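Participant: Starting from these lines, generate the structure:
(one chain, ligands or ions: 2)
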Amino acid sequence: MSVESKKDSPEKPKPSKGTGFSLWIVLLLIVGAVVLYHFMTLQDETMLYSEFKEHLHAGRVLRVFIGEKTLSGELKQLNSEQKPLTFTTLRIEDPDLIRTLETQKIEYSGKDTHSWLTNFLNWGLPLALIVFIGLIIIGRIGPGSSIMSFGKSRARFYEEDEMKVTFDDVAGIDEAKEELIEIIEFLSNPEKFTNLGGKIPKGALLVGAPGTGKTLLAKAVAGEAKVPFLSISGSAFVEMFVGVGASRVRDLFHQAQHKAPCIIFIDELDALGKTRGVNPVGGHDEREQTLNQLLVEMDGFDSRVGVIIMAATNRPEILDQALLRPGRFDRQIFVDRPDIKGREAILRVHVKEVKLAEDVDVNVIAGRTPGFVGADLANIVNEAALLAARRDKQAVEMSDLEEAIDRVVAGLEKKSRVMTKKEKELIAYHEAGHALVASFLPNATPVHKVSIIPRGLALGVTMFLPTEDRYLMTKAELLDQIGTALGGRIAEELTFQETTSGARDDLRRASEIARMMVTEYGMSEKLGLVTFESNYRSPFLDGYASAEGAYSDTTAYQIDQEVKHIIDEAYLRVRDILEQHLETLQNLARVLLEKEVVEREEFDRIIGKIPLESA
Ligand SMILES: Nc1ncnc2c1ncn2[C@@H]1O[C@H](COP(=O)(O)OP(=O)(O)OP(=O)(O)O)[C@@H](O)[C@H]1O
Ligand SMILES: [Zn+2]
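Facilitator: Ligands and ions are numbered 1, 2, ... in the order given. Below you'll find the model as predicted:
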C-alpha cells in the first residue's frame, strides 16, 4: 500500500506555493516512512540450507553473499505482501551451489574458495572447450586415439589417500555397517582373503533415502580399510561432451587398478544407470554408452586386485537390471532411516562439535524427530548452534535445539504474515479440533503442542509426541488417525457452519490412510485379506513388486466404496466427540487466539486431563 501512495503523488495537480511547501513535507514524510518501513521489515531471516536451496531452485533468490561460514543474501519480492527478505544460512560444502548460481544468473559475491571455478567457468571453460573440440577433431583425423587421455584430466573424481572418516562417524545404521565389514576385511588384506578362497565381493549398492549417510558410509569403509577413495557422481559422467562419459569410465577403472586396493564410489548411480531404451530416439545416447562401458568394465574386472565398486542410489527401481546381475552390483545394502536409538547416536556424533548446555537431553530430541535422516539431524545441530550464537549464548541450549527442530519440521515461523481476524479464528478452531479429537480418541497419539503460527505452507500445526517409533499400527490406531485428521474440518463446520479450503491436506491424509487400510492392510471386511497395490513398488525398498493396477473396475468401485465408508464412519464419530466437547473446543481456540501457541501442559489443563507422567 505504501508503494501505491508513492506512485499517486506525482499525478496530483500542481498546488499553489503555500500548500505546495507543506505538501512536499508530507510527501517527504511519506517517502521517509516508506523507506523506514522497508528497512524495519527487511528482517534478516535465518534459514536452513535446504530452505535456501528450495528458494534457489524456485528462482526466488535475488543475490547471494558467500561468507566464510555463512551464506547471506536477498530474496525477490514476489507479491506486495511479502517483504524483500534478507536471509542467512550456514554455509555447507556444496559443489552444486556455484553452478546453480551461474546457470540461474544470480548475482553473488564474497570470499568464495570456489572462485577459481567461477573464473574458469567464465572464460576458461569456453577456451578449454574450443581446445578440446579442436583436439578431438585432430584426434579423429590423426592415427592413434591417444587423444582420450586428455579427457582423463577433465574427469572430476577425486582421490583421498587419507580418508579420515571412520565407522565412529557413522551412527545409527548398524545393520548396514555390519554388512560392509566383510568388504573392509577384504580391502585391508586382499591376499589373505583370496588365499583362503573366500568369495570376493565386487560391487555393493547402497540403497536408501537421501541424507541417510550413504556417501558417508562409503567413505568410512575406505577410512576403516585405509585405502584410497575414488569418487565420482553418476551425473558427472554424462553431463559433458559426447564420448567423454565412456572414456571417463574406462579411465576411472584404469586409475583404480593402479591404486588398488581402493574403492570406487559412484554417487547417484541412477543418473547413469537408468533402464536403457527408455529414451525417445531409441539410439545410443551418451548415457547409454557410458552405462554400457560401466557394465563392460565391471565384467572385465578381476576383483582379486582389490578394487571394490560402491554406488549409491535412492531410486533402485529405475536402475537397469543389468547392473544388478551377479558379478556387478550383486549386493544391495539398504541404508534405513534411523530409529529412535539410531537418531540419538547420530545426534551424539554431531553434538560433539558444539558446546552443549547442561539442560540438553539428546534422548528427547531423538524422540521428537521420527523420520529424520542423518543429514537432517546434522542440520538441526548446526542450526541450533547458529541460533545460540545469534543470541550470544555461551552454549547451545535445549530451547535452541527445539526451535531448530521446529524449523526443520515445518519451515520457518512467519509471524509477519498478515492474516485477517476471521482467518485466524478459523485456523484456531481448526487446530483446536485436531488436538481435541486426538486427545479424546483412545488410540490417537498424544498432543505435544498446538500452534496457529503459520509455518511454511501450513497455516497452523498440531504436533504430536510419538512415544516410540511405530512400525506396526493397529486398525484402531489407524482409524483414530483418520479421525484426528478430520477433526480440523469438523471443528470449522461446527463453529462457523461453513467450510474452508484449509483442510485439503487433512482430507488427503485421511483418504490415504483409509485407502491403505483397504488395499494394502487387508482391513476391510468386504474386500478381505487381499492386497490391491496400484503402484509399482521398489523391490528393494519394500521387498515386493506388483503389477500395475491388477484389479478389475468392479473391484476399484468396491475399494472406493469401502474407503468412503471408513471416512464416513470416522466423520460421524468425530462429529459426535466435538459436539459433546464444544465448550472445551471454544476454550482451547480462545487460548490459541490469545497466545498462538499452547504447549502440552497447558493443553492438558484446558481439556481437564491429568498429564500422563504425573498420573
Ligand atoms: N548415520 C549417520 N551418522 C552421522 N552422520 C550422518 C549420518 N547420516 C548422515 N549424516 C550426516 O549427513 C551428511 C550427509 O550424508 P550423506 O551425504 O552421506 O547422505 P547420502 O545418503 O549420501 O545422501 P544423498 O543420497 O543425498 O547423497 C553427512 O555428511 C553427515 O554429516
Ligand atoms: Zn488441519
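Participant: Surely Glu297 touches Arg248?
Facilitator: No - using C-beta atoms under 8 Å, Glu297 is not in contact with Arg248; the gap is 10.7 Å. C-betas here are computed from N, CA, C, even on glycine.
Participant: neighbour count winner among the two?
Facilitator: Just comparing Glu297 and Arg248: by other C-beta atoms under 10 Å the higher neighbour count belongs to Arg248, 25 against 18.
Participant: Next secondary structure after the longest helix seen in the chain?
Facilitator: Longest helix in the chain, counting residues (DSSP state H): helix 553-580. Following helix 553-580 in sequence order, the next helix or strand is helix 582-595 (DSSP states H and E).
Participant: Buried residues in that following helix, which are they?
Facilitator: By 16 or more other C-beta atoms under 10 Å, the buried positions in helix 582-595 come out as Thr584, Leu585, Gln586, Asn587, Leu588, Ala589, Val591, Leu592, Leu593.
Participant: What distance do you get for the closest residue to the last one other than its chain neighbours to Ile452?
Facilitator: Think Leu593. Spatially, and ignoring its direct neighbours in sequence, Leu593 is nearest to Ala428 (4.8 Å; C-beta to C-beta, 6 or more residues apart in numbering). Counting by C-beta to C-beta, to the nearest Å, the gap from Ala428 to Ile452 is 5 Å.
Participant: any idea how far ligand 2 is from Gly374?
Facilitator: 30 Å (C-beta to the ion, to the nearest Å).
Participant: Then Thr554?
Facilitator: For Thr554, the distance to ligand 2 - C-beta to the ion - is 34 Å.
Participant: Report how many residues lie close to the closest residue to ligand 1 within the stretch 401-550 of the chain.
Facilitator: Sorted by distance to ligand 1 under C-beta to the nearest ligand atom, the residues of the stretch 401-550 of the chain start with Val408, at 13.0 Å. Using other C-beta under 10 Å, Val408 is surrounded by 18 other residues.
Participant: How about the stretch 101-250 of the chain: which residue is closest to ligand 1?
Facilitator: Closest point on the stretch 101-250 of the chain to ligand 1, by C-beta to the nearest ligand atom, is Gly213, at 2.6 Å.
Participant: returning to what we had before: now for the host helix or strand of the residue of the stretch 401-550 of the chain closest to ligand 1, which elements pack on it?
Facilitator: According to DSSP H and E, Val408 maps onto helix 398-410. Helix 398-410 sits against helix 362-367, helix 374-390, with contacts defined as 3 or more C-beta pairs under 8 Å, 6 or more residues apart in numbering; DSSP states H and E.
Participant: ok, the nearest residue to the residue of the stretch 101-250 of the chain closest to ligand 1 once chain neighbours are set aside - contacts?
Facilitator: The shortest distance from Gly213 to any non-neighbouring residue, by C-beta to C-beta, 6+ apart, is to Gly374 (4.3 Å). Shown in contact with Gly374 (C-beta atoms under 8 Å, 6 or more residues apart in numbering): Ala171, Gly172, Ile173, Gly211, Thr212, Gly213, Leu216, Pro338, Ile346.
Participant: circling back: export only the CA atoms of the helix holding Val408, formatted as PDB.
Facilitator: What follows is helix 398-410 as a C-alpha-only set of coordinates in PDB (Å, rounded to 0.1, in the frame of the first residue of the first chain):
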ATOM      1  CA  MET A 398      17.600 -27.200  24.700                       C
ATOM      2  CA  SER A 399      15.400 -24.300  23.500                       C
ATOM      3  CA  ASP A 400      17.800 -23.700  20.600                       C
ATOM      4  CA  LEU A 401      17.600 -27.300  19.600                       C
ATOM      5  CA  GLU A 402      13.800 -27.400  19.900                       C
ATOM      6  CA  GLU A 403      13.500 -24.400  17.700                       C
ATOM      7  CA  ALA A 404      15.800 -25.900  15.200                       C
ATOM      8  CA  ILE A 405      13.600 -28.900  15.100                       C
ATOM      9  CA  ASP A 406      10.500 -26.800  14.700                       C
ATOM     10  CA  ARG A 407      12.200 -25.100  11.800                       C
ATOM     11  CA  VAL A 408      13.100 -28.300  10.100                       C
ATOM     12  CA  VAL A 409       9.700 -29.800  10.800                       C
ATOM     13  CA  ALA A 410       7.500 -27.200   9.400                       C
END
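Participant: That one and ligand 2, any residue contact?
Facilitator: No - on the criterion C-beta under 5 Å from the ion, helix 398-410 is out of touch with ligand 2, staying 12.3 Å away.
Participant: Save the contacts of Gly374 as a markdown table, and put in neighbour count, secondary structure and distance to Val518 too.
Facilitator: Listed next are those as a markdown table, based on neighbours: other C-beta atoms under 10 Å; DSSP: H, G, I helix; E, B strand; the rest coil; distance: C-beta to C-beta, whole Å:
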| residue | neighbour count | secondary structure | distance to Val518 |
| --- | --- | --- | --- |
| Ala171 | 23 | coil | 39 |
| Gly172 | 26 | coil | 34 |
| Ile173 | 26 | coil | 34 |
| Gly211 | 20 | coil | 32 |
| Thr212 | 25 | coil | 31 |
| Gly213 | 27 | coil | 36 |
| Leu216 | 20 | helix | 40 |
| Pro338 | 28 | coil | 31 |
| Ile346 | 28 | helix | 36 |
